[in-house]
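Undergrad: predicted structure and sequence below. I'll ask about it afterward.
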Amino acid sequence: MRKLVVTAFISADGVMQAPGGPDEDRDGGFGHGGWAVPFVGERVLEVMSEFTRGAGALLLGRRTYEEFAATWPLADDPHGDLMNGLPKYVASRTLGAVGWRNTTLLRGKAAETVAELKRGDGGDIQVHGSSGLIQTLLAHDLADEFQLLVFPVLTGPGKRLFGDGTAAGGLELTHTERLPRGGLLHRYTRAGKLEYGAMGPETGNW
């Protein structure tokens, strides 16, 4: 069984967005595109490069695929070679074809096709960006690990990594690191069912 690992840049109030620019994603009238860029220094680039080198394949939603496919084939550097060479899968109901090298378009319902992909052979499947696809993966409990780069900003409304449809469950922190400018890197793995308890004077647990 292959692990599915989600990575995301998120604000302190849980809004996810890639380090693009003001017009990267204005869905819902979002007006803070590019907020992550000031935090992307040498260590953040190292983290993302190290992370991607551990991938067996990438899984992308339509919007992220189109952004990556327009950019990475132009990159003439080791990370560009890595991104272009990795197997890539795109979950989309609207794309008719994909042209980026080593890319496969997944047909059918995303949850079912991704579950089948996880049952195959190969290394970890990494999800970069792809906020809409991530919501489907979370609702069907298909994400096994999370790499979260959290930065000290509040954006208010926006696309939250853990949306209303997220399946409940526990997480185990496997790594944490302070990043420059107050950022934090957290890595989590799924840790079974959500646990419950009670406390207060009436319970004797105080």
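TA: Happy to help now that I have it. Since the structure is predicted, the reported quantities are computational estimates derived from the model, not experimental observations.

Undergrad: contacts and neighbour counts: CA atoms only from here.
TA: Fine.

Undergrad: chain center to stretch 194-206, what's the gap?
TA: 34 Å (C-alpha atoms, centre = their mean, to the nearest Å).

Undergrad: can you list the residue ranges for strands in this structure?
TA: 4-11, 57-61, 88-91, 103-106, 125-128, 145-151, 171-178, 184-190 (DSSP state E).

Undergrad: give the rounded mean pLDDT of the second one.
TA: Strand 57-61 carries an average pLDDT of 97.

Undergrad: picking up where we left off before, would you turn the strands of the chain into CSV with distance to residue 138 and mean neighbour count?
TA: Below are these laid out as CSV (distance: least, C-alpha to C-alpha, whole Å; neighbours: other C-alpha atoms under 10 Å):
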stretch, distance to residue 138, mean neighbour count
strand 4-11, 10, 23
strand 57-61, 14, 23
strand 88-91, 15, 23
strand 103-106, 18, 18
strand 125-128, 12, 24
strand 145-151, 11, 22
strand 171-178, 13, 13
strand 184-190, 11, 17
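
Undergrad: okay, the ones you listed in JSON lines with distance to residue 134 next?
TA: Output for the strands of the chain, formatted as JSON lines (distance: least, C-alpha to C-alpha, whole Å):
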{"stretch": "strand 4-11", "distance to residue 134": "8"}
{"stretch": "strand 57-61", "distance to residue 134": "8"}
{"stretch": "strand 88-91", "distance to residue 134": "11"}
{"stretch": "strand 103-106", "distance to residue 134": "15"}
{"stretch": "strand 125-128", "distance to residue 134": "8"}
{"stretch": "strand 145-151", "distance to residue 134": "11"}
{"stretch": "strand 171-178", "distance to residue 134": "17"}
{"stretch": "strand 184-190", "distance to residue 134": "15"}
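
Undergrad: can you count the residues close to the residue nearest to residue 37 when sequence neighbours are not counted?
TA: Nearest residue to residue 37 in three dimensions, chain neighbours excluded: residue 19, at 4.9 Å (C-alpha to C-alpha, 6 or more residues apart in numbering). Neighbour count of residue 19, defined by other C-alpha atoms under 10 Å: 17.
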